[in-house]
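Chemist: Predicted model follows, preceded by the sequence.
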Amino acid sequence: MSKVFSTSLRCRLPVLLFFFQGALLVLFALFVTYDEHTDAASQPPDADPSANQLYAIFSLFQDIQLMLLVGLGLLLAFMKGYGISAVAYNFLMANFATQWALIVQGFVYHYHQGKIHLGLYNILTAEFAAVTVLISAGAILGHTSSLQLLLMALCEVPLYVACEWLTVSHFRVVDIGGTITLHIFACYFGLGVSLALYRPGLQEGHPKAVPSYLSDFLSLVGTIILWVFWPSFIAALIRQGDAQHRAVLHTWITLSASALTSFATSSLLDKKGKLTLGHLQNATLAGGVAIGAVADMAITPTGAFAMGILSALACILGFQYMTPFLASKIRLQDHCGIHNLHGLPGIIGAMGGIAAILLIPDENYGLQLYQVFPPRAPPLDNTTMAEAASTGQELGRTASRQALYQVAGLGSSFIISLAGGFLTGLVLRLPFLGQPPDDLCFDDSLYFKIPRLTEALHAGPSHEDLQMPLKDHDYQLQDSTVQMSANL
């Protein structure tokens, strides 16, 4: 039996966070300044305040803040003994990863004349990078420490930015809602980490890695919050106009189709026709994952409707059949089911984007074809052609060639994320990172001071209680009590 290292983070967590904040403070002092929308000294005398970028994106920015910190946090709080940890760690990782992404993305995309030019748009794109971390964490949530989660964020953000640059800037993949660059990357990065952190002792599950009445309710509320604000997430980075309008329309149609399909399929798969909350918490959002690759394309409302149905079906069938298969055959532990919500719908969306590029006539876009597909725009003159050649950017692509680049982007995101996640997982196995032993996993009281009233209502023994042999009948008694209350 391997040595059990101390799970106390009294020194390790403060040292990491204070060092990180100190390092970023120095980097901000040396390299960060205002951009043209925030620098008062650079404004012309006749500047129109209403034309500031703030008024175009602030409402979308607020929607995404609510999605990340409230919606996603509650969605992850479905385990009966790990709700506080899920919400708190989601909050911690979101801030940590966003700050780190501001610097990494700043040097890659916003570095001019020796400075990173910072505005609200930078924070918006940095939060997209943070989303990848929050999704990836779902695969290992409950059996990792906060140190491991933060170290994962430290490794994942630069790799995400590099993969995004390769996919979007080099291959010029069209993926306005992040289906390929965000959801697929985050999913397979998280699964790669999970493979490296495989815990044989958790192969048969854990008594606290299951939902309770209250935790399932909170998770369902989180799902609904995500569902409501998902169109903002998709449309945030799209140019204003008809493309952004199509994206919002397609996203709502897809999400609505996913919702009804989820209820129907979940009921159909149960012998008594009862609904499984885990299906509803995830599959109702599956269409939102898939639509990102085609949101601004002219796929028609019918295409959006079909994508919502297919995505929800794939998500639920993945929970029903693929998750048990991967757990038993590949030893893949995916506690939050990110493969079913982000991986499978993401692949459907990516393939849908390839089909849309090949099948939808150019005439359907009118004068907006090159706004939706910038790489297909022909060079205007020899100067433009020379500039494009010097940067390695190809212009004047045909639809079939653009489709090939979409395939290349999908393959790159899959391979880079899976390999990068596995290597990151090997680093996270270092013993001084405070990984909890199997019997103390999925327990809020291991890393948090739980109020006395909460301890009385806690859906399982604390880690102090686990010094005594675990009594399965305690959980069975509680589950029976909940079931009796529901029947009454």
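Modeler: Looks like it arrived, so ask away.
Chemist: buried set for whichever strand or helix holds Val15?
Modeler: Using DSSP states H and E, Val15 falls within helix 12-31. Using 16 or more other Cβ atoms under 10 Å as the test for burial, helix 12-31 gives Arg12, Leu13, Leu16, Leu27, Phe28, Phe31. (Glycine included, C-beta is placed from N, CA and C.)
Chemist: Give the other helices and strands that it contacts.
Modeler: Packing partners of helix 12-31 (3 or more Cβ pairs under 8 Å, 6 or more residues apart in numbering; DSSP states H and E): helix 83-109, helix 146-164.
Chemist: Redo the ones you listed as TSV? Include mean neighbour count and distance to Gly434.
Modeler: What follows is the helices and strands packed on helix 12-31, written out as TSV (neighbours: other Cβ atoms under 10 Å; distance: least, Cβ to Cβ, whole Å):
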stretch	mean neighbour count	distance to Gly434
helix 83-109	21	13
helix 146-164	23	5
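Chemist: any chance of these in CSV, plus distance to Leu68 and mean pLDDT?
Modeler: Shown next, in CSV, are the helices and strands packed on helix 12-31 (distance: least, Cβ to Cβ, whole Å; pLDDT from 0 to 100):
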stretch, distance to Leu68, mean pLDDT
helix 83-109, 5, 97
helix 146-164, 13, 97
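Chemist: Contact partners for the nearest residue to Glu164 once chain neighbours are set aside?
Modeler: Nearest non-adjacent residue to Glu164, counting by Cβ to Cβ, 6 or more residues apart in numbering: Thr181, 4.9 Å away. Thr181 is in contact with Tyr160, Cys163, Glu164, Thr167, Val168, Val173, Asp175, Gly409, Ser413, counting by Cβ atoms under 8 Å, 6 or more residues apart in numbering.
Chemist: Now flag whichever of those residues is closest to Phe96.
Modeler: Phe96 lies nearest to Tyr160 out of those, by Cβ to Cβ, at 13.9 Å.
Chemist: In this model Ala129 seems to touch the closest one, though I could be wrong.
Modeler: Yes: applying Cβ atoms under 8 Å, one finds Tyr160 in contact with Ala129, separated by 5.5 Å.
Chemist: quick one: buried residues of stretch 269-281?
Modeler: By neighbour count with 16+ other Cβ under 10 Å, stretch 269-281 contains the buried residues Leu269, Thr276, Leu277, Gly278, His279, Leu280, Gln281.
Chemist: From these, pick the one nearest Ala327.
Modeler: Ranked by distance to Ala327 (Cβ to Cβ), the buried residues of stretch 269-281 are led by Gly278 at 14.8 Å.
Chemist: Distance of the spatially closest residue to the closest one that is not a sequence neighbour relative to Gly81?
Modeler: Nearest residue to Gly278, sequence neighbours excluded (Cβ to Cβ, 6+ apart): Phe319, at 6.4 Å. Phe319 sits 21 Å away from Gly81, going by Cβ to Cβ, to the nearest Å.
Chemist: ok, the two, which is more surrounded?
Modeler: When neighbours are counted by other Cβ atoms under 10 Å, Gly81 comes out ahead of the other of Phe319 and Gly81, with 26 against 22.
Chemist: Next, format the contacts of Thr181 as TSV and append distance to Ala235.
Modeler: Output for these, formatted as TSV (distance: Cβ to Cβ, whole Å):
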residue	distance to Ala235
Tyr160	21
Cys163	23
Glu164	19
Thr167	20
Val168	17
Val173	18
Asp175	14
Gly409	21
Ser413	22
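Chemist: the inter-axis angle of the lengthiest helix in the chain versus helix 146-164?
Modeler: Longest helix in the chain, counting residues (DSSP state H): helix 399-428. Put simply, helix 399-428 runs at 160 degrees to helix 146-164, going by axes from the mean of the first three to the mean of the last three Cα atoms, to 10 degrees.
Chemist: Give me the buried positions along helix 399-428.
Modeler: Buried residues in helix 399-428, defined by neighbour count with 16+ other Cβ under 10 Å: 402-403, 405-406, 409-410, 412-414, 416-418, 420-422, 424-425, 428.
Chemist: ok, which stretches of the stretch 201-350 of the chain are helices?
Modeler: 213-235, 242-269, 277-283, 286-291, 300-317, 323-329, 338, 344-359 (DSSP state H, counting those that start in this stretch).
Chemist: so which of these comes closest to Ile123?
Modeler: helix 213-235 (14.5 Å).
Chemist: Give the buried residues for that closest one.
Modeler: For helix 213-235, a neighbour-count test (16+ other Cβ under 10 Å) marks 215-216, 218-227, 229-235 as buried.
Chemist: Poorly predicted segments of the stretch 251-400 of the chain, please.
Modeler: Scanning the stretch 251-400 of the chain for pLDDT under 70 picks out the ranges 380-393.
Chemist: What of the stretch 1-150 of the chain?
Modeler: Checking the stretch 1-150 of the chain against pLDDT under 70 turns up 1-6.
Chemist: Please verify my assumption that Gly192 contacts Val427.
Modeler: No: using Cβ under 8 Å, Gly192 makes no contact with Val427, being 11.8 Å away.
Chemist: ok, and the closest non-adjacent residue to Gln68?
Modeler: For the record, residue 68 is Leu, not Gln. Distances taken as Cβ to Cβ, 6+ apart place Ala94 nearest to Leu68, at 5.3 Å, with adjacent residues excluded.
Chemist: nope, Val407 is what I meant
Modeler: Nearest non-adjacent residue to Val407, counting by Cβ to Cβ, 6+ apart: Ile354, 6.5 Å away.
Chemist: go on, Gln99?
Modeler: With Cβ to Cβ, 6+ apart as the criterion, Gln99 has its nearest non-adjacent residue at 5.8 Å, and that residue is Leu24.
Chemist: Contacts only, for the one you found.
Modeler: Contact analysis of Leu24 by Cβ under 8 Å, 6+ apart lists Gln99, Trp100, Ile103.
Chemist: Could you do Asp63 as well?
Modeler: Counted by Cβ under 8 Å, 6+ apart, Asp63 has contacts Phe229, Ser232, Phe233, Ala236.
Chemist: So which of the residues you listed is the closest to Glu36?
Modeler: Comparing the contacts of Asp63 against Glu36 with Cβ to Cβ picks out Ala236 as the nearest, at 19.7 Å.
Chemist: burial count for the closest one?
Modeler: The tally of other residues near Ala236 (other Cβ under 10 Å) stands at 23.
Chemist: what's the distance between it and Phe61?
Modeler: From Ala236 across to Phe61, the span is 7 Å (Cβ to Cβ).
Chemist: joint contacts of these two?
Modeler: Residues touching both Ala236 and Phe61 (Cβ under 8 Å, 6+ apart): Leu124.
Chemist: okay if I get the contacts of Asp63 as CSV plus pLDDT?
Modeler: Formatted as CSV, those follow (pLDDT from 0 to 100):
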residue, pLDDT
Phe229, 97
Ser232, 96
Phe233, 96
Ala236, 92
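Chemist: any idea which of the residues you listed is closest to Val133?
Modeler: Nearest to Val133 among the contacts of Asp63 is Phe233, at 15.6 Å by Cβ to Cβ.
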